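1. let me see the structure of the following:
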Amino acid sequence: MTERADTLHASRADVWYLKEIAFGSTETKRRLKIITQNFNGPCSFIAICNILILRGQIEILPYERGTVSYEFLAQLVGEYLLMSCPDIDVSAALSIMPSTTKGLDLNPVFTGATSFRPAGEGGELKLFEQAGIELVHGWLVDPDGEEYRVLQHVRDYDTTVTLIADADHITRGRLLSGDVWGEGEAGSSSQSGSGPSGYAGPSSASDNYSEKDRVKIEHALVAQAFLDSTKSQLTYHGLFQLASTLQPGSLVALFRNSHLSVLHKREGEDSSLYSLVTDHVFLQEPSVVWERLEDVDGVGSTFVDSEFVRSTPVGGDFAGYTAESALHALEMEGNPDVILARQLQAEEDARSHEIYRRRQQHQQSRQKEEEERKRKNEDSASRKSRKMKDKCIIM
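-> Numbers count the residues shown, from 1 in each chain. Here you go, the predicted model:
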């Protein structure tokens, strides 16, 4: 019975359902079908295909079909790469394509929204490069934060994990338990009000560690505190950088929560960031197309339709839940600990959101000042030009 269920599950996972949406500006808006993801499917490959579909660079035909397979899409993408890059060797991109069904090994750099260090032979990055798709992330350390000095030196996720593992080995497994320096020293450090969890500083470090080991342990504690506080792999500084640097109308692949999704920045007055909703549970919810990216944990995010108007899912507050998860969510609503945790998290999110909002306002104010300065300079130059012409006429 279990074997038959696994076989059915595998066969259903190999087929991806299509969902009809509308996309484009008022003049160029068109109906198209995006690919939805089921059973934790290959988000990397689906994100690549959906970006190419939204750009109009590949098209799924006939339009009436309701499902696609990997083989069908791989042929479409392969043909697109060969036709769009005739003078470039796309063998690296094509050879890495099958591995996208199992996920990509990406290594984000904490100081740049478009910076990734190649893992293995770097074929994953080559695939995005040849497809003309920008790969971004918002897992950025704030330059004004205490951890910036350490993470600027460590730079990327893989190196950070290696540093933490090495430090944990040096401390014989005590790094991750939070008792690196010993109970007495940990107590004195808490009284002195020092940094991240377990960080007591050089003055209270155990004499059992060499100077080199103490520095490594201190850096590892800072790095571990950063990873613990950014489990969604998105920071408010990163969200601000994405909102301020992405061009209006752009479609990029966003790495977040070890998942790749389609990120879109609208043109016009609404310069918000939107993530394409591809979860299979929303297949029958035509009003759920995009999710507005408003905070790092998704608590305050809202769904919108193809017109970017707030959606009204048929399923109400529990749209997309299974019966079991909906019941669990309903039961948790009255849990005092959950309510307190949500309240504290909401307060923290509100503070971070206010900082993010102020930064946006400051940037917009600077842009207006710059535009006003340029306008005044142009007016001044124009008046000088007219005076020069008048003088010439008089002479």
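2. so for stretch 222-230, what gets flagged as buried?
-> Neighbour counts over stretch 222-230 (16 or more other CB atoms under 10 Å) mark Val222, Ala223, Gln224, Ala225, Phe226, Leu227, Thr230 as buried. Where C-beta positions appear, they are placed from N, C-alpha and C, glycine not excepted.
3. could you export these to JSON lines, including columns for distance to Tyr70?
-> Output for the buried residues of stretch 222-230, formatted as JSON lines (distance: CB to CB, whole Å):
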{"residue": "Val222", "distance to Tyr70": "42"}
{"residue": "Ala223", "distance to Tyr70": "37"}
{"residue": "Gln224", "distance to Tyr70": "38"}
{"residue": "Ala225", "distance to Tyr70": "40"}
{"residue": "Phe226", "distance to Tyr70": "36"}
{"residue": "Leu227", "distance to Tyr70": "33"}
{"residue": "Thr230", "distance to Tyr70": "32"}
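4. where are the low-confidence patches of the stretch 151-300 of the chain?
-> Applying pLDDT under 70 to the stretch 151-300 of the chain flags residues 178-207.
5. so what's Phe72 up against?
-> Going by CB atoms under 8 Å, 6 or more residues apart in numbering, Phe72 touches no other residue.
6. average model confidence for the host helix or strand of it?
-> If you go by DSSP states H and E, Phe72 is part of helix 70-84. Taken as a whole, helix 70-84 has a mean pLDDT of 89.
7. just the closest of the buried residues of stretch 222-230 to Phe23, please.
-> Thr230 (31.2 Å; CB to CB).
8. contacting residues for that closest one?
-> Contacts of Thr230 (CB under 8 Å, 6+ apart): Trp139, Val296.
9. what do you get if the cut-off is 10 Å, keeping everything else the same?
-> By CB atoms under 10 Å, 6 or more residues apart in numbering, Thr230 lies in contact with Phe110, Gly138, Trp139, Leu140, Val141, Tyr236, Gly238, Val296.
10. how many other residues sit next to Arg149?
-> 12 (other CB atoms under 10 Å).
11. what score does the nearest residue to Thr245 once chain neighbours are set aside have for pLDDT?
-> Nearest residue to Thr245 in three dimensions, chain neighbours excluded: Ala113, at 6.5 Å (CB to CB, 6 or more residues apart in numbering). At Ala113, the predicted lDDT confidence score is 95.
12. any figure for the gap between Ala113 and Leu239?
-> The gap separating Ala113 from Leu239 is 10 Å, by CB to CB, to the nearest Å.
13. any common contacting residues for these two?
-> Gly138, Leu140.
14. and the strands in the protein?
-> 15-23, 30-35, 67-69, 107-108, 116-117, 135-137, 251-256, 259-265, 273-276, 290-292, 303-304 (DSSP state E).
15. the first one versus strand 30-35: what angle between them?
-> Between strand 15-23 and strand 30-35, the angle comes out at 150 degrees (axes from the mean of the first three to the mean of the last three CA atoms, to 10 degrees).
16. can you report how many residues lie near Lys212?
-> Lys212, neighbours per other CB under 10 Å, totals 9.
17. could you do Glu129 as well?
-> Neighbours of Glu129 using other CB under 10 Å come to 17.
18. and the closest residue to it other than its chain neighbours, what does it touch?
-> In this structure, Glu129 finds its nearest non-sequential neighbour in Ala93, 7.7 Å apart by CB to CB, 6+ apart. Each residue near Ala93 by CB under 10 Å, 6+ apart is listed here: 77-78, 81, 85, 123-131.
19. separation between Ala93 and Ser44?
-> Taken as CB to CB, the span from Ala93 to Ser44 is 13 Å.
20. and the closest residue to Tyr274 other than its chain neighbours, how far from Val281?
-> Nearest residue to Tyr274 in three dimensions, chain neighbours excluded: Trp290, at 4.0 Å (CB to CB, 6+ apart). Separation of Trp290 from Val281 (CB to CB): 16 Å.
21. kindly report the same for Glu307.
-> Applying CB to CB to Glu307 and Val281 gives a distance of 22 Å.
22. the residue nearest to Tyr274 reaches Ser306, doesn't it?
-> Yes. With contact defined as CB atoms under 10 Å, Trp290 reaches Ser306; the gap is 8.1 Å.
23. anything in contact with each of these two?
-> Listed contacts common to Trp290 and Ser306 are Ile21, Phe23; contacts here mean CB under 10 Å, 6+ apart.
24. in terms of packing, which of these two has more residues around it?
-> Set Trp290 next to Ser306 and count neighbours by other CB under 10 Å: Trp290 wins out with 25 against 17.
25. beta partners for that one?
-> Beta bridges link Trp290 to Leu276, Val304, judged by DSSP bridges.
26. please name the residues that touch it.
-> By CB under 10 Å, 6+ apart, the neighbours of Trp290 are 21, 23, 262-264, 266, 272-277, 302-308, 311.
27. ok, Leu54 next?
-> Ile21, Phe23, Gly24, Arg30, Leu32, Ile34, Leu251, Val262, His264, Leu276.
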